[in-house]
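# Fold the following, please.
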Amino acid sequence: MTFTDLQKQRRTTYTLGKKIPQTPEEIFEIVKSAVKYAPTAFNNQTVRTILLTGAFHEKLWQLTADRLKAEVSDEIAYNNTLAKLNSAFKTGYGTILFFTDTSVVKSFEENVPLYAENFYDWSEQGHGIAEYATWLALTEVGLGASLQHYNPLIDEQVADNFNVPSSWRLRAQMPFGTIESPANDKTFEADENRFKLFKS
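Below is the predicted model of the structure:
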């Protein structure tokens, strides 16, 4: 499968299942490789991950549901959100948590002052690359995923329950699993509104 094929096949998948052919250790190696070889500014390697499977994966989404219940006063809105958590995320095999190691960002801000104001932005760019690389790597082995952002709402609960170092800042959650239902067709903005070519 070519890189372009992987890009076209990767989709946001909300109907996930648990019966994947890979072991947790195999998924762990896929994630490690994807993040390890993704580029970062100054090779500062600010991206950190935690892989949750089984009861730990389910605990994350229960913690999220409990935290949302404390924030969402409208019962109908909460029940709609709870249904999504249970049907689109918790039903998957696992979740990858993505973090920024802020101590590394701070160190580069202090030691390379000429670019100090850029290092946080660059760390976010590194995150996007690492998340996309991980998503493509999961796609390559036939798994579906989505990217969620319940941070900073659940930061404290995640830190307390999954032994997260204090310098790690939660940036995204990627639930994944088998693809139980195909995604809808993807639509695109007209090319002429997005791309320009200047040549001589």
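# Give me the phi and psi for residue 28.
When read as degrees, to the nearest 10, the backbone of residue 28 gives phi -60, psi -40.
# ok, then the element right after the lengthiest helix in the chain?
Criterion DSSP state H: the longest helix present in the chain is helix 119-140. Sequence-wise, the next helix or strand downstream of helix 119-140 (DSSP states H and E) is strand 144-145.
# Would you map the helices across this structure?
Using DSSP H, helices in the chain cover 3-9, 24-36, 54-71, 75-84, 102-111, 119-140, 155-161.
# Tell me where the longest strand sits in this structure.
strand 168-179 (DSSP state E).
# Give me the helices and strands touching it, please.
Secondary structure elements in contact with strand 168-179, counted by 3 or more CB pairs under 8 Å, 6 or more residues apart in numbering; DSSP states H and E, are strand 16-17, helix 54-71, strand 94-101, helix 119-140, strand 144-145, helix 155-161. In this view, the C-beta of every residue, glycine as well, is placed from N, C-alpha and C.
# separation between residue 128 and residue 90?
25 Å (CB to CB, to the nearest Å).
# can you check residue 79 too?
On the measure of CB to CB, residue 79 and residue 90 end up 15 Å apart.
# And residue 80, by the same measure?
Note on residue 80: its distance to residue 90, by CB to CB, is 15 Å.
# So for these two, which sits in the more crowded spot?
Set residue 80 next to residue 90 and count neighbours by other CB atoms under 10 Å: residue 90 wins out with 21 against 11.
# Now find how far off-centre the helix or strand bottoming out on mean pLDDT in the chain is within its chain.
Ranked by mean pLDDT, DSSP states H and E, the weakest helix or strand in the chain is helix 75-84, scoring a mean of 89. The gap between where helix 75-84 is centred and where its chain is centred comes out at 22 Å by CA atoms, centre = their mean, to the nearest Å.
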